[in-house]
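**Student:** okay, predicted coordinates and the sequence, questions at the end:
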There are 2 protein chains.
Amino acid sequence: MLFILQPLPLTLHHWINLKPVLEALIDRGHQVTVLVPSSSLFMNASEPSRFHYEPFNSSVPLEVWEEIIEEFIHFSIYEMDYLSYIQIHIKFLEIAKKEVKFTLQHLDSMVRSDTMARLREGKFDLMLADPIYPGSELVAEVLDLPLVYTLRFSIAHTWERLCGQLPAPPSYVPGAMSKLTDKMDFMDRLEKISFLSYFIITHCNWHLVLVICLFCIMPGKPTSACELMGKAEIWLIRTYWDFDFPRPFLPNFKFVGGIHCKPAKPLPEDLEEFVQSSGDAGIVVFTLGTMVTNMTAERRDMIASALAQIPQKVLWRYSGEKPKTLGANTKLYDWIPQNDLLGHPKTRAFITHGGTNGIYEAIYHGVPMVGIPMFADQPDNMVHMKAKGAALIMEFNFMETEDLVKALKAVINEPSYKENAMRLSRIHHDRPIKPLDEAVFWVEFTMRNKGAKHLRVQTHELTWYQYHSLDVFAFLLAVTLFITVLFIKTCSFCIRRCCCRKGKTKTKAE
Amino acid sequence: MLFILQPLPLTLHHWINLKPVLEALIDRGHQVTVLVPSSSLFMNASEPSRFHYEPFNSSVPLEVWEEIIEEFIHFSIYEMDYLSYIQIHIKFLEIAKKEVKFTLQHLDSMVRSDTMARLREGKFDLMLADPIYPGSELVAEVLDLPLVYTLRFSIAHTWERLCGQLPAPPSYVPGAMSKLTDKMDFMDRLEKISFLSYFIITHCNWHLVLVICLFCIMPGKPTSACELMGKAEIWLIRTYWDFDFPRPFLPNFKFVGGIHCKPAKPLPEDLEEFVQSSGDAGIVVFTLGTMVTNMTAERRDMIASALAQIPQKVLWRYSGEKPKTLGANTKLYDWIPQNDLLGHPKTRAFITHGGTNGIYEAIYHGVPMVGIPMFADQPDNMVHMKAKGAALIMEFNFMETEDLVKALKAVINEPSYKENAMRLSRIHHDRPIKPLDEAVFWVEFTMRNKGAKHLRVQTHELTWYQYHSLDVFAFLLAVTLFITVLFIKTCSFCIRRCCCRKGKTKTKAE
């Protein structure tokens, strides 16, 4: 019996990654209960489903979250590019402050809810959760369940490093969202250290807030959120070395990127007809994801006129107003079967906002990309794809028609992009175990063995100065200093004794 | 087509681990060529075999290696326990000096041999080698082949760390052969740092020797042995978290411990009869490995009289002189089917010297152990098993009859030892892919893709000070110091100006 929780509004792309794991577990005879807050953005607990939904009333209404997300997206897409670093940080802290406030309210109402009391009666073997929204570790603690995380990343890998004890030498592990690669020159590494320091400080603040919060919610157990997170048995990280740069990791970190990827299904008849009409030139698939539904007239016209200049047919998922410059080769769709299109033999390129799921589908099918990253992890994701030679990057606010045309022509006509995309595809497919099977294996392992303690490093029991052996080095330094001082003192004492005697002798002689 | 090399006399226990991989590759349609020096201790290149043997004449005769090994074993078993640390190190350095001298001679004759010229003509896809004996990296470089290592460990993990870039924080990763666990107190960590430093210095010396050597052998390519080792695509490490303590590792390090393990086959009739005669008490399996063939009369009598005091029947692999105190329950054998005996339901305990292969067979079948470690990695191996609660350790030179009886009774009668052995067995069996399959997969992957570059961390391109970000920290420190000095100077200048003016005014007033 399994139990999964989304205490905060889970966005669609996280759910796309979690669902295949849950479905595979149900296929294998497990029962899955999904804890859903009333303020969930994308999930409807009253719909018929294979999961048993356990809804609960959150004290924070859905509208609050919608507003925060709306504010964040609008700021990221339209304002951020024109502001200074300091202005951006002030704005982000403002949004984060609001989010933390409501998160605490929400967690409090969750732990005190009748649902939680009912869940205590239920017999669960394990809890699976995405730690990107805090609270799952709290529920696992309350219900005394082994916890398995599924995570794309935390900013600058802060939680993985500080709570999960994942080593990340700043010299070659680019912090998540730093937009750096594993090849960093001196200035990059300087920037990286500053970036890390910023997020460690931010984390400590957040940490402090959550410590106070947890202390309020669970008065008997004064513990920290990080300590609770550190209890996670397995971290299922949703990347692999096709997407991420190779880095050190721990035995309980499993890289299962591409869980949701699957072969393409045949297209609906009308779509197939349009695709086939492209002839040898092929098609381009274009989507900016589910979060961006509209854009300014100027931007959409600019993009449309660029698309009109390429010989390929373009399928553009876009539900906003129709651009005036739309070419005859471009068709707008409210929804497209993205994976089936990316797997179609006529597909030449993918214009994407750079969300992890879309990129993984492109990697799976070996399609080169033009990225127009908008916010969150998207710029960083596209930097990865560009570094691996499978993509070019455009800046949404600053690109012009000719930039987009040039990028599209390069990605479609220069063989290196297709070759690199195919190389990533080979890496993706050529692994000893499929990512979904691996994820399911470790979830079931944790259930079978009530944990996975044999994969847990001893660092969790060390203080930070013990971890870095600072106490040992301090001791060695003290001993060295002591011996040096002793040596110098002894020498100077001897010399003084000699001199004094000479001096005395001299004085006597005088 | 695959190629494996043993330039130096390969001991039997390494061959036991390599052979299943080679056989699995032949089963899958590959051709395997084995490069064998004329001075090989255990392999006979003229025997009929599934491998294609490629023998070559080494300038170092077999007797030299036999003598070195004999000297090493005798010293380790009978002398080491009675000497001081410094005496032990002097002796080891003496043996190592001899070994390095002959290794260089051997490598030189190998690279210049006719066989090597012939191999250059052959079309090989990959080279598989155990780096415990140097030289394979040199051959891979000469033949321009991707290199896959299979390794148990190097002392203090020196090569894995310094050449393979494997991270190993000294605070919780016990150096191989340090006899420490992952739970280290302050004194342990102090000892650990000293142990590491010693081996880094030793390594640097060895390294210097090999740099000079390589420069002589390949004048066109002045490179270091460590640099060549760092080119290895995959490191197949022959442990897993059933045996080793969890630690950080890299994507190209695969932990495939227990490759040679397999289910037990039925015993020969006479053995089965003896085993069955043990009744409910069961049997104890006893071997000190292939390297120890004899022991002093005093030690063998002491051991035999201990074995005579337990209710179990004992099967002792021992080809030396018969002990006078041999009990009726104990039978001596020149050879025993160790794996089949350990997998027998009547087996209660395993008395072992603590070699990796034997321990892995015990883990596979879930048999608790009494370790009598003799030399090399054996003491360290047994410390691992003791820390995991599946074994007790005896000291060969100091144990008395009652100690051994007590240890055997504890391991057989106290349930925790059997439980822990069974827990390790579950961990061993319960993994997503079998160790042999994983090893074969990565060998084939490297052949298919002519390397595994996507698993290679960027650290290989960094200097040691870049790796530790020392240049960045030094820069930040310099900037901080500069600003501080500037601030102090400005302040003192201002103060001085004020004081001077006051002073002048005062003087004038006077």
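**Tutor:** Great, that's in hand. Keep in mind that what you see is a predicted model, and the values were worked out from it rather than measured. Numbering: from 1, shown residues only, chains lettered A, B, ... in the order given.
**Student:** quick one: the most centrally placed residue in chain A from chain B, how far?
**Tutor:** The structure's chain A has its C-alpha centroid closest to residue A:153; by C-alpha atoms, centre = their mean the separation is 2.8 Å. Distance, residue A:153 to chain B, using C-beta to the nearest C-beta, to the nearest Å: 16 Å. Quick note: C-beta positions are derived from backbone N, CA and C, even for glycine.
**Student:** could you check the pLDDT of residue A:128?
**Tutor:** Looking at residue A:128, its pLDDT reads 92.
**Student:** quick one: find the helix or strand in chain A with the lowest mean pLDDT.
**Tutor:** Lowest mean confidence among the helices and strands of chain A (mean pLDDT, DSSP states H and E): strand A:2-5, at a mean of 58.
**Student:** quick one: mean pLDDT over the biggest helix by length in chain A.
**Tutor:** For chain A, the helix that runs over the most residues, judged by DSSP state H, is helix A:470-509. Across helix A:470-509, pLDDT averages out at 83.
**Student:** buried residues in it?
**Tutor:** residue A:472 (16 or more other C-beta atoms under 10 Å in any protein chain shown).
**Student:** follow-up on the earlier one: the residue nearest to the centre of chain A reaches residue A:160, doesn't it?
**Tutor:** Yes. Assessed by C-beta atoms under 8 Å, residue A:153 is found in contact with residue A:160 at 7.1 Å.
**Student:** who touches both of the two?
**Tutor:** The overlap between the contact sets of residue A:153 and residue A:160 (C-beta atoms under 8 Å, 6 or more residues apart in numbering or on different chains) consists of residue A:237.
**Student:** circling back: what packs against the longest helix of chain A?
**Tutor:** helix B:186-217 (3 or more C-beta pairs under 8 Å, 6 or more residues apart in numbering or on different chains; DSSP states H and E).
**Student:** which SSE is immediately downstream of the least confident helix or strand of chain A?
**Tutor:** helix A:12-27 (DSSP states H and E).
**Student:** can you show me the CA trace of that next one as PDB?
**Tutor:** What follows is helix A:12-27, C-alpha atoms only, in PDB (Å, rounded to 0.1, in the frame of the first residue of the first chain):
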ATOM      1  CA  LEU A  12       1.000  19.800 -14.300                       C
ATOM      2  CA  HIS A  13       4.600  19.000 -15.300                       C
ATOM      3  CA  HIS A  14       5.400  17.500 -11.900                       C
ATOM      4  CA  TRP A  15       2.200  15.400 -12.100                       C
ATOM      5  CA  ILE A  16       3.200  14.200 -15.600                       C
ATOM      6  CA  ASN A  17       6.400  12.800 -14.000                       C
ATOM      7  CA  LEU A  18       4.800  11.300 -10.900                       C
ATOM      8  CA  LYS A  19       1.800   9.600 -12.600                       C
ATOM      9  CA  PRO A  20       3.700   6.900 -14.500                       C
ATOM     10  CA  VAL A  21       5.400   5.700 -11.300                       C
ATOM     11  CA  LEU A  22       2.000   5.600  -9.500                       C
ATOM     12  CA  GLU A  23       0.400   3.800 -12.400                       C
ATOM     13  CA  ALA A  24       3.200   1.300 -12.700                       C
ATOM     14  CA  LEU A  25       2.800   0.600  -8.900                       C
ATOM     15  CA  ILE A  26      -0.900   0.100  -9.300                       C
ATOM     16  CA  ASP A  27      -0.200  -2.300 -12.200                       C
END
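**Student:** quick one: is that helix near chain B?
**Tutor:** No. Using C-beta under 8 Å from any C-beta of the partner chain, we find that helix A:12-27 stays clear of chain B, coming within 13.7 Å at best.
**Student:** could you pull out the strands for chain A?
**Tutor:** Using DSSP state E, the strands of chain A run over A:2-5, A:32-37, A:52-56, A:127-129, A:147-151, A:234-237, A:253-255, A:283-287, A:313-317, A:330-333, A:347-352, A:369-371, A:391-393.
**Student:** make a markdown table from those strands and add distance to residue B:67 to it.
**Tutor:** Below are the strands of chain A laid out as a markdown table (distance: least, C-beta to C-beta, whole Å):
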| stretch | distance to residue B:67 |
| --- | --- |
| strand A:2-5 | 62 |
| strand A:32-37 | 66 |
| strand A:52-56 | 72 |
| strand A:127-129 | 60 |
| strand A:147-151 | 55 |
| strand A:234-237 | 51 |
| strand A:253-255 | 47 |
| strand A:283-287 | 71 |
| strand A:313-317 | 76 |
| strand A:330-333 | 80 |
| strand A:347-352 | 66 |
| strand A:369-371 | 63 |
| strand A:391-393 | 61 |
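**Student:** looking at these, which is closest to residue A:187?
**Tutor:** Distance to residue A:187, taken as C-beta to C-beta, is lowest for strand A:391-393 among these, at 19.6 Å.
**Student:** what does the closest one rub up against?
**Tutor:** So strand A:391-393 is in contact with A:368-373, A:379, A:382-383, A:385-386, A:407, A:410-411, A:417, going by C-beta under 8 Å, 6+ apart.
**Student:** looking at these, which is nearest chain B?
**Tutor:** Among the contacts of strand A:391-393, residue A:385 lies closest to chain B (C-beta to the nearest C-beta), at 13.7 Å.
**Student:** nearest spatial neighbour of the closest one, chain-adjacent residues omitted?
**Tutor:** Nearest residue to residue A:385, sequence neighbours excluded (C-beta to C-beta, 6 or more residues apart in numbering or on different chains): residue A:391, at 3.7 Å.
**Student:** number of residues surrounding the one you found?
**Tutor:** 28 (other C-beta atoms under 10 Å in any protein chain shown).
**Student:** how near is it to chain B?
**Tutor:** 16 Å.
**Student:** same deal with residue A:32?
**Tutor:** 21 Å.
**Student:** isn't that residue right up against residue A:25?
**Tutor:** Yes. With contact defined as C-beta under 8 Å, residue A:32 reaches residue A:25; the gap is 6.0 Å.
**Student:** comparing the two, which residue is more hemmed in?
**Tutor:** Using other C-beta under 10 Å as the criterion, residue A:32 and residue A:25 rank with residue A:25 on top: 22 against 19.
**Student:** please tell me I have it right and that one contacts residue A:441.
**Tutor:** No. In this structure, residue A:25 is not within contact of residue A:441 by C-beta under 8 Å, at 11.0 Å.
**Student:** which among the contacts of strand A:391-393 count as buried?
**Tutor:** A:368-373, A:379, A:382-383, A:385, A:407, A:411, A:417.
**Student:** for the residue in the stretch 251-400 of chain A positioned nearest to chain B, the count of nearby residues, please.
**Tutor:** Closest residue of the stretch 251-400 of chain A to chain B, C-beta to the nearest C-beta: residue A:251 (4.5 Å). Other residues lying near residue A:251 total 20 when counted by other C-beta under 10 Å.
**Student:** tell me the contacts of it?
**Tutor:** A:455, A:457, B:241, B:246, B:247, B:249.
**Student:** leaving out the residues flanking it, which one is nearest to it?
**Tutor:** Using C-beta to C-beta, 6+ apart, the nearest residue to residue A:251 is residue A:455, at 4.1 Å.
**Student:** wait, residue A:475 sits on residue B:190?
**Tutor:** Yes. Using C-beta under 8 Å, residue A:475 is in contact with residue B:190, at 6.7 Å.
**Student:** if we can go back for a sec, include pLDDT and distance to residue B:99 when you put the buried ones among the contacts of strand A:391-393 into TSV, please.
**Tutor:** Below are these laid out as TSV (pLDDT from 0 to 100; distance: C-beta to C-beta, whole Å):
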residue	pLDDT	distance to residue B:99
A:368	98	53
A:369	98	54
A:370	98	59
A:371	97	56
A:372	96	61
A:373	95	57
A:379	94	54
A:382	97	53
A:383	97	49
A:385	98	49
A:407	98	59
A:411	98	56
A:417	98	52
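**Student:** which two of those have the greatest separation?
**Tutor:** A:379 and A:417 (19.2 Å).
**Student:** quick one, phi psi at the residue nearest to the centre of chain A?
**Tutor:** Residue A:153 has phi and psi values of phi -180, psi 160 when expressed as degrees, to the nearest 10.
**Student:** poorly predicted segments of the stretch 1-150 of chain A, please.
**Tutor:** Along the stretch 1-150 of chain A, the parts satisfying pLDDT under 70 run over A:1-13, A:39-48.
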